[in-house]
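Q: After the sequence you'll find the predicted model.
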Amino acid sequence: MRTAFALLVSCLIALPALALPAPMSEAELEEKSGIVALVRVMSVTCTSIIKDKTTGEDLPGYIAKLRVIKAKKGDVRPGGEVLVTWRAKSQKLIGGWTVPYYPGEEVWTHLTKRAGGATYASTWWNAKGDEVKPPETKELPTVVGKSALSDDQD
C-alpha cells in the first residue's frame, strides 16, 4: 500500500514538469533574442478578453511598458521603452506557458520582435530571469483598457 501511494504521489509531482518543454540555455536565449535587457515594468494594461475554446474561461491579453535600465543586446538604450505582449493561460490545463510582467518589478529579460515589429514577446518560458527588484503587485487588471501602474510613473 505504501509503495502504491509513493508511486502515485511521484507521478503527480512529475506531471507538471513534463508539461513544459526544456528550458533554453542562457546562450540559446541570447542567440534567439532580439533584446536582452534589464528592465523595469512601468505599466501593464489589459488589452483584450478572449474565451478559451477548451475551458470556456475568459482569458485576458496584456501589454506591458518596459523601461530599459541596462541593455546587453538589441537596438535599445537605457531610458528607452519597449512594449511586450502576452496572453494569460488557463490554470485548468496542464501544458502551455506564458511569461507575465508585473508593475514595478526589475528583471533581466529576453525578447523577440512580434510580426509587424511594434511589440515584443518573451523568447521562451524561461526568458525572464530572477527578479532584481520584486514587483509592487502581482494583481493584473482583468477589464479591457484598465492598467496597473508602477509607483514611479512619470
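A: Thanks, I have the structure now.
Q: show me where this protein has helices.
A: 2-19, 26-32 (DSSP state H).
Q: worst average pLDDT in these?
A: For those, the weakest mean pLDDT is recorded on helix 2-19, namely a mean of 48.
Q: what sits against the residue minimising distance to the centre of the chain?
A: The centroid of the chain falls nearest to residue 99 when counting by C-alpha atoms, centre = their mean (1.7 Å). Residue 99 is in contact with 86, 122, 125, 127-128, counting by C-beta atoms under 8 Å, 6 or more residues apart in numbering. Heads up, the C-betas are built off the backbone N, CA and C, glycines and all.
Q: Dump those to a markdown table, plus distance to residue 142, pLDDT and neighbour count.
A: Formatted as a markdown table, the contacts of residue 99 follow (distance: C-beta to C-beta, whole Å; pLDDT from 0 to 100; neighbours: other C-beta atoms under 10 Å):
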| residue | distance to residue 142 | pLDDT | neighbour count |
| --- | --- | --- | --- |
| 86 | 14 | 97 | 20 |
| 122 | 20 | 96 | 22 |
| 125 | 22 | 95 | 15 |
| 127 | 24 | 96 | 22 |
| 128 | 21 | 96 | 20 |
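Q: taking those one by one, which sit in strands?
A: Of the contacts of residue 99, the ones assigned to strands by DSSP state E are 86, 122, 128.
Q: And residue 20, how far from residue 111?
A: 19 Å (C-beta to C-beta, to the nearest Å).
Q: ugh, typo on my part, it should be residue 24
A: Residue 24 is 13 Å from residue 111, by C-beta to C-beta.
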